[in-house]
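Trainee: next come a sequence and a model predicted from it.
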Amino acid sequence: MSKAPTHPGDESTIGSHNGMSQHDSSTGGDSPEPATYTAPAIADREEKAVTRSKFLVFIVLLVAVIGVATATYLLMENEERNDFEDAFAGLASEVSTVAEQKVDQIYSALDAYSSFISSEATADSTASWPFVNVRDFSVKSEKIAELVGLETPLFVFCPIVHEEDREQWSSFVLESAPVYYQESLDNEGTNEYTVGDLMNLTIPYLHFYSISGNATGPEEIERPGPVLANWQQYPLEDPMFLEGLMLRGFDMESFPEISDQFQLAQLTLRPSISFIQFYDDNGILVESQIMQPVIEDGKLVGVIILNLPWVEFFRNLNIDGLTDTIAVLRGNCNIGLGAASGTKNELSYMISSSSAVFLGTFDAHNPKYDDLVVSQEVVHTDVEKSELPEGLCVPTLTLDLYPTKELELSFQTSRPTMYTAVVVAIFVFTSLVFLLYDYLVGRRQRKFMARIMRQEKIVSNVFPAAIRDRLYEGEQKGSKQGPLGGGGSGTGGAPLADLFLETTVVFADIVGFTAWASAREPAQVFILLETVYGAFDKNAYRRSVFKVETVGDCYVAVAGLPEPDKDHAMAVCRFARDCVKTMKDTTLKLEVSLGPDTSELELRVGIHR
């Protein structure tokens, strides 16, 4: 036996021991020793790991539900959007094609009409320009209107009267007008007027209308140069002209848009188009005015003017399935509506398969559908700009077709919502089944783990970790017996015992403890032992010393087991030195709460190798 350094007056003895318990109830030994009893911490970590795994699975399922549901909805919505775009593109292409064909048909009919008038005038030896009266003008104009599908057109034939022909023009009007009036009345079935009534309203000389104060009246044209004279028209009386006035001999260049077109016709000898605006019982109407030159021997001798009603034009396209489509007509020249204001020539219509509504002189489409526009130039003239004076524009007309929100909504169904709901329902059902299964398995596992943990705690409190692990493995080593040679390990075979030849035992007790404890309450005694021995336990763990037991104020520990350590003696010495210092520091701290003589308690240590 060897003796460790102690404080003066201390006695060195070796306390006997007769147990192998790691903890003692009298010293608060219920606290687990970190070096041996680690099973609860492992179980807690495993439980947290399982919880994290479940949470991760739940998050994955939730993300999967959201992702698949969103993808399903977007795919179905995109499919409907594609159906809408494809359907509109097909209908719009058909509209633009039919519209272009119909405009070409109108232009071809007007060209043929002007050629017929020119040929008829050439064949009539009694007629010379501008004194040409187109026989059955009303009948011929009506036939052309039926051919191109127009119900309420306005045809006007205007010869060019030069300055030297003005005097003869009055005689020509008085002589030819009755024949023209009678043919028109017979064809149109008008009973409101007679030929005599119309002759009384006819002004034989070339004139224009001026407004002075409240009086309106015709004034004879005195300006030099040719005059574009209104001569024959179909129908005979049209709402757009001054009520009750027959405009025979009226100067058509009084209308600015006609003046611009007439100048273009003189330079190019080609047809042109413009927009005109007027009022009727339904409000503002805008039509296009097509001017077709009449040419003889390469010279312009007159024009045919056709007022084209676009509402009627679109209504008669007869495109099956067409609905809620915006049609925007755009003119490239400031002739007509934009001539005075400088604004764009734009007309907007809402068209369907059998109806058309004029929306206004602006672009009425929704910019949202800019990328879906179907555009077609329906009027184009093969004239080089270099052939024209600067500032003169050759008018073209472009038809832009756009869908509307109403049309898009007609293609939207509840399919995206239904398919998404089905996908979500499947995932929810799967998740519920998973949660139910997890709950049942978890409940069974918790019961099983509670039992295992109780057993683990008991075994860990009784046996060192190495012995505990060997018991779990069912290891039996009957050939290795302890010095007492006993049996009865409780495993049904030879006892589990090992011989350790290289160990060092340390005994420590508190000098003066009995006298000190007799003057203290049990709770104070418990606080002292719990605090001191708890600190010793930490020293033991740090120095790899195995605590055997505590009996009263006696603390027994050993080094070199259960894991062999060749430096066991040095480990015990360091442990004993740490405990002496710990004892001194701890009693000083407890002196305030446990009494002034607490710091007088000292530790007596004995070491045996």
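Mentor: In hand now; what should we look at?
Trainee: helix, strand, or coil at L236?
Mentor: Here L236 is recorded as coil under DSSP: H, G, I helix; E, B strand; the rest coil.
Trainee: check contacts around it.
Mentor: Taking CB atoms under 8 Å, 6 or more residues apart in numbering, we find L236 in contact with S138, Y181, S184, L185, E188, T190, L198. All C-beta atoms are positioned from the backbone trio N, CA, C, and that covers glycine.
Trainee: I figured the fifth one hits S138, correct?
Mentor: Spelled out, that is E188. Yes: counting by CB atoms under 8 Å, S138 is a contact partner of E188 at 6.0 Å.
Trainee: just the C-alpha atoms of the strand or helix carrying E183, please, in PDB.
Mentor: E183 is located in helix 166-188, with elements delineated by DSSP states H and E. Extracted in PDB, the C-alpha atoms of helix 166-188 (Å, rounded to 0.1, in the frame of the first residue of the first chain):
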ATOM      1  CA  ARG A 166     -68.900  73.900-119.300                       C
ATOM      2  CA  GLU A 167     -71.400  75.700-121.500                       C
ATOM      3  CA  GLN A 168     -72.500  72.600-123.300                       C
ATOM      4  CA  TRP A 169     -72.800  70.700-120.000                       C
ATOM      5  CA  SER A 170     -76.000  72.400-119.000                       C
ATOM      6  CA  SER A 171     -77.700  71.400-122.300                       C
ATOM      7  CA  PHE A 172     -76.400  67.800-121.900                       C
ATOM      8  CA  VAL A 173     -77.900  67.600-118.400                       C
ATOM      9  CA  LEU A 174     -81.300  68.900-119.400                       C
ATOM     10  CA  GLU A 175     -81.400  66.600-122.400                       C
ATOM     11  CA  SER A 176     -80.100  63.300-120.800                       C
ATOM     12  CA  ALA A 177     -81.300  63.600-117.200                       C
ATOM     13  CA  PRO A 178     -85.000  62.600-118.000                       C
ATOM     14  CA  VAL A 179     -83.800  59.400-119.700                       C
ATOM     15  CA  TYR A 180     -81.500  58.500-116.800                       C
ATOM     16  CA  TYR A 181     -84.200  59.300-114.200                       C
ATOM     17  CA  GLN A 182     -86.800  57.200-115.800                       C
ATOM     18  CA  GLU A 183     -84.500  54.200-116.100                       C
ATOM     19  CA  SER A 184     -83.500  54.500-112.400                       C
ATOM     20  CA  LEU A 185     -87.100  54.900-111.200                       C
ATOM     21  CA  ASP A 186     -88.200  51.900-113.200                       C
ATOM     22  CA  ASN A 187     -85.400  49.700-111.900                       C
ATOM     23  CA  GLU A 188     -85.500  50.900-108.300                       C
END
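Trainee: name the helices or strands packed onto it?
Mentor: helix 137-148, helix 195-201, strand 232-234 (3 or more CB pairs under 8 Å, 6 or more residues apart in numbering; DSSP states H and E).
Trainee: if you set the cut-off to 7 Å instead, what comes out?
Mentor: helix 137-148, helix 195-201 (3 or more CB pairs under 7 Å, 6 or more residues apart in numbering; DSSP states H and E).
Trainee: show the average pLDDT along whichever helix or strand comes after the first one.
Mentor: So that's helix 137-148. Scanning forward in sequence from helix 137-148 by DSSP H and E, the next helix or strand is strand 154-161. Average pLDDT, strand 154-161: 92.
Trainee: strand partners (parallel or antiparallel) of strand 154-161?
Mentor: Using DSSP bridges, strand 154-161 pairs in its sheet with strand 227-228 (antiparallel), strand 232-234 (antiparallel), strand 299-308 (antiparallel).
Trainee: confidence-wise, which of the helices and strands packed on helix 166-188 is weakest overall?
Mentor: helix 195-201 (a mean of 83).
Trainee: about what we covered before: return the most buried member of the strands paired with strand 154-161.
Mentor: Highest mean neighbour count of the strands paired with strand 154-161: strand 227-228, a mean of 26 (counted as mean count of other CB atoms under 10 Å).
Trainee: chain center to that one: distance?
Mentor: 62 Å (CA atoms, centre = their mean, to the nearest Å).
Trainee: so what's A89 up against?
Mentor: V374 (CB atoms under 7 Å, 6 or more residues apart in numbering).
Trainee: what pairs with the closest residue to I305 other than its chain neighbours across the strands?
Mentor: Spatial nearest neighbour of I305, chain neighbours left out: V156 (4.3 Å); criterion: CB to CB, 6 or more residues apart in numbering. Bridge pairing for V156 (DSSP bridges) gives the partners Q233, I305.
Trainee: what residues are up against V156?
Mentor: So V156 contacts N230, Q233, I305 (CB under 7 Å, 6+ apart).
Trainee: redo that, cut-off 8 Å
Mentor: N230, Q232, Q233, M252, I304, I305, L306.
Trainee: against G560, how distant is the second one?
Mentor: I take that to be Q232. 134 Å (CB to CB, to the nearest Å).
Trainee: ok, the first one next?
Mentor: Relative to G560, N230 is positioned 132 Å away (criterion: CB to CB).
Trainee: residue contacts, the nearest residue to F172 once chain neighbours are set aside?
Mentor: The shortest distance from F172 to any non-neighbouring residue, by CB to CB, 6+ apart, is to F131 (4.5 Å). F131 sits next to P159, D165, Q168, W169, F172, S176 when contact means CB under 8 Å, 6+ apart.
Trainee: pipe those into a markdown table and attach neighbour count per row.
Mentor: A markdown table is the format used below for those (neighbours: other CB atoms under 10 Å):
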| residue | neighbour count |
| --- | --- |
| P159 | 27 |
| D165 | 19 |
| Q168 | 12 |
| W169 | 22 |
| F172 | 20 |
| S176 | 17 |
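Trainee: closest one to Q376 out of those, please.
Mentor: P159 (34.8 Å; CB to CB).
Trainee: from E296, how far off is the nearest residue to that closest one once chain neighbours are set aside?
Mentor: In this structure, P159 finds its nearest non-sequential neighbour in P130, 3.6 Å apart by CB to CB, 6+ apart. Per CB to CB, P130 is found 11 Å from E296.
Trainee: for the stretch 451-600 of the chain, give me the ranges with low pLDDT.
Mentor: In the predicted model of the stretch 451-600 of the chain, residues 461-466, 472-496 satisfy pLDDT under 70.
Trainee: and the helices in it?
Mentor: 465-473, 513-518, 522-543, 568-594 (DSSP state H, counting those that start in this stretch).
Trainee: who wins for proximity to S108 among the ones you listed?
Mentor: Of those, nearest to S108 by CB to CB is helix 465-473, at 104.4 Å.
Trainee: what residue ranges in this structure score low on pLDDT?
Mentor: Ranges of the chain meeting pLDDT under 70: 1-43, 210-217, 237-247, 277-285, 334-344, 386-387, 391, 461-466, 472-496.
Trainee: one more time with 50
Mentor: For the chain, the stretches with pLDDT under 50 are 1-38, 213-215, 239-245, 338-343, 475-488, 490-491.
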